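Colleague: Compute the structure for the input listed below.
(one chain, ligands or ions: 2)
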Amino acid sequence: MFQEFDQRVPISISEARERLCSVISFTIPKERIPVSRSLHRITAEGVFAQQATPSYPASAMDGIAVTSERTTHATKATPLVLKDEEFQWVNTGDPLPAGRDSVIMVEQLRPFEDGRIAIDAPAPPWKHVRQLGEDIAVSELILPSHHYIRPVDMGVLLAGGIDTVSVLAKPRVAIIPTGSEMIPPGVSTQPGQLTEFNSEMIRAFLEEWGAEGEILAIVPDDPRVLKRVIAESLHSFDILLIVGGSSAGKRDYTVDVLSEMGEILAHPVAARPGKPTVLSQVEGKPVIGLPGYPVSACLALEWFVPPLLHTWYGAVEKMRGDPTLTVRMDEKVVGKVVGEDFVRLGVMVHAGEFMAFSLGRGAGVTQSLSMADALLCLPNGCYEVEKGVEVEVKLLRSRKAIEQTIWISGEDDPLLDQWVAFFSERNPGWSLRKRLQREQSRSVLCHARIWRGTSSDPQTKITERIVPLAEQEWGWLIKESEVVPGCKGEAGLDFSKRKLLIPPNGSYLEKCLREREGSIHPIGWTSPSVWKAAACVASGIAHATVGTRETAERVGLRFIAEGTCFIGLAIHEQEAKSVWGNLLLASLHSPHMKGIIDSLAGTHFYDPNEVYL
Ligand SMILES: Nc1nc2c(c(=O)[nH]1)N[C@H]1C(S)=C(S)[C@@H](COP(=O)(O)OP(=O)(O)OC[C@H]3O[C@@H](n4cnc5c(N)ncnc54)[C@H](O)[C@@H]3O)O[C@H]1N2
Ligand code: MOO
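Modeller: Ligands and ions are numbered 1, 2, ... in the order given. I've put the predicted structure just below:
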């Protein structure tokens, strides 16, 4: 046996790893677990919010709630004295009382001794008010598939009304110690006996890496027993680790047993310590023979088990340590507080550079932290960072995860959320994210954008290619109780009295509305997200908005059709050929995506082969 062993040509670690990973393909079960137990697990599917946060318009400051219209004429020279019935005291988080649409901070009030209050500036509509769904709106995607769950993500899940989450099951790993001289820890040793401590060390490594190790009973130096234990373990474990017996001694049986039961992929390995490591597959499952010496066992474990777990979890990157990254700001940010101001940033790779932008500054927006790639600390004072300046930021996601993120801008839509959820399921390790903005004037640096219009008026730049996605019905989203009885279609809406929440400036649907003279009565703020706009209508803050039939159905609103529009993906011709461009287009062209599109109300798949400029 010694002769045979010696004749084998050692295989490099990287080649051995490649051989192992190329023959193994796991079937990964999902399991549903409480969010409270989900730390460091990986989502098995996209998670959609079941409740809004906040679920009512809430005061964002301590002060008084007023009706903005009443305060229009207040100035320093002519302060406005508010009567008792014209305001209510509110604390941060309180629901906004009926009829009020603005909050004035207590620091800005001038109280009289008799209890009356004066103000010397108007209160703009919705100032210091957290809108319904400001953080999370019902039905929006809050975590994509294959997302590594961190503490902030658990907060987002619970805030979105989710208390159980579907995650990828942990791989079950059998740890099989061998050697007749081994005795379990805690039992005193006699001469010739050794404490079996490798297994516990291996189990702890596995736990750190997200796998579940189970230490089996010590197998004596008997090939028949080893064979039986391996055969039994294959039924209930995904990966098998045999500890010891990997080399050429008279009582080392691992290689012989494994070559009888399956296929040896590598043995020995061109490394020291760790040379006698055995890599094999038995019934399609990876079985690794680790050398018995503890240092060799640990090193071999680190070379070969994490790549297997990587395959299992779909290349999801976890963050280790506290690294920093130099990024270039894509927009100006201004410090808002006295003290250090932590700005949550999205980071995008553009022309080989890391470009960063703010993801929202509200302290109540849990999603701004869960979605953040990095944190920029603005030092004490009203310090600002100009657009184009380089800054050092603390990373919250790995550099690789950032490099494998594709950002999409344009018009929000349920279709987009479904696609985002599906994309990371199909391409583990990659993610697709929305960059929607309240103010369209700000630059939107993105890899691609969702484009809406009619199929006959593509208004894109000549270098962009439009990949058709779907044709959709669009129209009014309105509360059932608001429809004028007996009237059908648009006649059912009495525009003269309505406060409308309009979609973002410059959006196609808004353009359609603007063409109807006098139709729009904005309520004072616009929403970057279709979900948040629809949620405001559902709650009665606005009377109507525009959107698609699917949005109306998701949020429980009446839909009054206006016409059809076309939704597609605009991508630069050159970028369509890049690695990420290919992934993006391949996911759109998949039969699964067609199924998703056709399942949405009022939405029809558009033949993606019909590409035009
Ligand atoms: N003639 C040759 N002998 C050896 C070779 C060789 O090429 N030719 N290779 C050496 C190398 S390198 C290593 S590494 C060891 C590994 O051998 P095995 O995997 O067969 O390990 P064992 O012989 O079973 O055990 C070796 C040694 O390790 C300790 N041990 C084993 N299991 C445990 C455990 N579960 N917990 C704690 N400690 C453990 C123990 O001290 C054993 O005596 O082989 C060389 N020999
Ligand atoms: O290669 Mo061994 O594993 O020297 O220690």
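Colleague: and the residue of the stretch 401-550 of the chain found nearest ligand 2, how many residues sit next to it?
Modeller: Going by C-beta to the nearest ligand atom, ligand 2 is nearest to residue 429 of the stretch 401-550 of the chain, at 32.0 Å. To be clear about C-beta, it is placed using only N, CA and C from the backbone, and glycine gets the same treatment. Neighbour count of residue 429, defined by other C-beta atoms under 10 Å: 15.
Colleague: Please report the distance of the closest residue to it other than its chain neighbours from residue 22.
Modeller: Of all residues not flanking residue 429 in the chain, residue 315 sits nearest, at 3.2 Å (C-beta to C-beta, 6 or more residues apart in numbering). Counting by C-beta to C-beta, to the nearest Å, the separation of residue 315 from residue 22 is 15 Å.
Colleague: what do you get for residue 242?
Modeller: For residue 242, the distance to residue 22 - C-beta to C-beta - is 21 Å.
Colleague: Over to residue 386?
Modeller: Taken as C-beta to C-beta, the span from residue 386 to residue 22 is 49 Å.
Colleague: One more: residue 66?
Modeller: Where residue 22 is concerned, residue 66 sits at a distance of 68 Å (C-beta to C-beta).
Colleague: Might one say that the residue nearest to residue 429 is in contact with residue 428?
Modeller: Yes - using C-beta atoms under 8 Å, residue 315 is in contact with residue 428, at 5.2 Å.
Colleague: Using just helix, strand and coil, how would you label the residue of the chain most remote from its centre?
Modeller: Within the chain, residue 191 marks the point farthest from the mean C-alpha position, 56.3 Å out by C-alpha atoms, centre = their mean. With DSSP: H, G, I helix; E, B strand; the rest coil as the basis, residue 191 sits in coil.
Colleague: So which elements touch the helix or strand residue 200 falls within?
Modeller: Using DSSP states H and E, residue 200 falls within helix 198-208. On a contact count with 3 or more C-beta pairs under 8 Å, 6 or more residues apart in numbering; DSSP states H and E, helix 198-208 meets strand 172-177, strand 212-215, strand 239-243, helix 294-313.
Colleague: starting at the chain centroid, how far to the second one?
Modeller: Distance of strand 212-215 from its chain centroid, counting by C-alpha atoms, centre = their mean, to the nearest Å, is 30 Å.
Colleague: Check which element follows it along the chain.
Modeller: Using DSSP H and E, the helix or strand that follows strand 212-215 towards the C-terminus is helix 223-236.
Colleague: One more: the third one?
Modeller: Once strand 239-243 ends, the next helix or strand along the chain (criterion: DSSP H and E) is helix 254-261.
Colleague: and that following helix, what does it pack onto?
Modeller: In terms of contacts (3+ C-beta pairs under 8 Å, 6+ apart), helix 254-261 is packed against helix 223-236, strand 278-282, strand 285-290.
Colleague: Which positions within the longest one qualify as buried?
Modeller: Meaning helix 223-236. Going by neighbour count (16 or more other C-beta atoms under 10 Å), the buried part of helix 223-236 is 223, 226-227, 229-230, 233-234.
Colleague: count of residues packed around residue 583?
Modeller: Per other C-beta under 10 Å, the neighbour tally for residue 583 reads 17.
Colleague: burial measure for the residue nearest to it when sequence neighbours are not counted, as a count.
Modeller: Spatial nearest neighbour of residue 583, excluding adjacent residues (C-beta to C-beta, 6+ apart): residue 427 at 5.4 Å. Residues lying near residue 427 (other C-beta under 10 Å) number 21.
Colleague: surely residue 427 meets residue 587?
Modeller: Yes - taking contacts as C-beta under 8 Å, residue 427 lies within contact range of residue 587: 6.9 Å.
Colleague: Contacts only, for the residue in the chain that ligand 1 sits nearest to.
Modeller: Distances between the chain and ligand 1 by C-beta to the nearest ligand atom are smallest at residue 292, namely 2.6 Å. Neighbouring residues of residue 292 by C-beta atoms under 8 Å, 6 or more residues apart in numbering: 178-179, 198, 243-246.
Colleague: just curious, which of those residues is nearest to residue 333?
Modeller: Residue 333 has its nearest neighbour among the contacts of residue 292 in residue 198, at 51.4 Å by C-beta to C-beta.
Colleague: Just to check, the closest one is in contact with residue 179?
Modeller: No - with contacts counted by C-beta under 8 Å, residue 198 stays clear of residue 179, the gap being 9.9 Å.
Colleague: joint contacts of the two?
Modeller: 244, 292.
Colleague: out of these two, which sits in the busier spot?
Modeller: residue 198 (25 against 20).
Colleague: Look at the more buried one and report its pLDDT.
Modeller: At residue 198, the model reports a pLDDT of 94.
Colleague: Likewise for residue 493?
Modeller: 61.
Colleague: now the one 10 residues further on
Modeller: Listed pLDDT for residue 503 reads 72.
Colleague: now it: how far from residue 122?
Modeller: On the measure of C-beta to C-beta, residue 503 and residue 122 end up 26 Å apart.
Colleague: residues contacting residue 412?
Modeller: By C-beta under 8 Å, 6+ apart, the residues touching residue 412 are 434, 436, 450, 528-531.
Colleague: Show me which residues of the protein are close to ligand 2?
Modeller: Applying C-beta under 6 Å from any ligand atom, we find that the chain lies next to ligand 2 at 272-276, 291, 293, 296.
Colleague: Got a quick ChimeraX command for the buried subset of these?
Modeller: To isolate the buried members of the residues of the chain next to ligand 2 in ChimeraX, using 16+ other C-beta under 10 Å:
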select :274,275,276,291,293,296
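Colleague: could I get the residues of the chain next to ligand 2 as a markdown table with pLDDT?
Modeller: Shown next, in a markdown table, are the residues of the chain next to ligand 2 (pLDDT from 0 to 100):
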| residue | pLDDT |
| --- | --- |
| 272 | 83 |
| 273 | 87 |
| 274 | 86 |
| 275 | 89 |
| 276 | 92 |
| 291 | 93 |
| 293 | 89 |
| 296 | 86 |
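Colleague: For the stretch 451-600 of the chain, which residue gets nearest to ligand 2?
Modeller: Residue of the stretch 451-600 of the chain nearest ligand 2, by C-beta to the nearest ligand atom: residue 579 (38.4 Å).
Colleague: Just the element for the residue nearest to residue 311 when sequence neighbours are not counted, please.
Modeller: Spatial nearest neighbour of residue 311, excluding adjacent residues (C-beta to C-beta, 6+ apart): residue 21 at 5.7 Å. Here residue 21 is covered by helix 13-23, with elements defined by DSSP H and E.
Colleague: Identify each buried residue in that helix, please.
Modeller: Buried, per 16+ other C-beta under 10 Å, within helix 13-23: 13, 16-17, 19-21.
Colleague: and if you look at stretch 48-59?
Modeller: For stretch 48-59, burial by neighbour count (16+ other C-beta under 10 Å) applies to 48-49, 52-54, 57-59.
Colleague: Let me see the domain layout of this structure.
Modeller: Here the domain assignment for the chain is 30-53+135-168, 58-130, 170-313, 336-403, 424-605, based on automatic domain parsing.
Colleague: between the ones you listed, which gets nearest to residue 413?
Modeller: Judged by C-beta to C-beta, the one of those that comes nearest to residue 413 is domain 424-605, at 6.1 Å.
Colleague: From the chain's centroid, how far away is that closest one?
Modeller: 21 Å.
Colleague: So for that domain, first residue to last residue, what's the gap.
Modeller: End-to-end distance of domain 424-605 (C-alpha to C-alpha, to the nearest Å): 21 Å.
Colleague: and residue 348, helix, strand or coil?
Modeller: Under three-state DSSP, residue 348 falls in the strand class.
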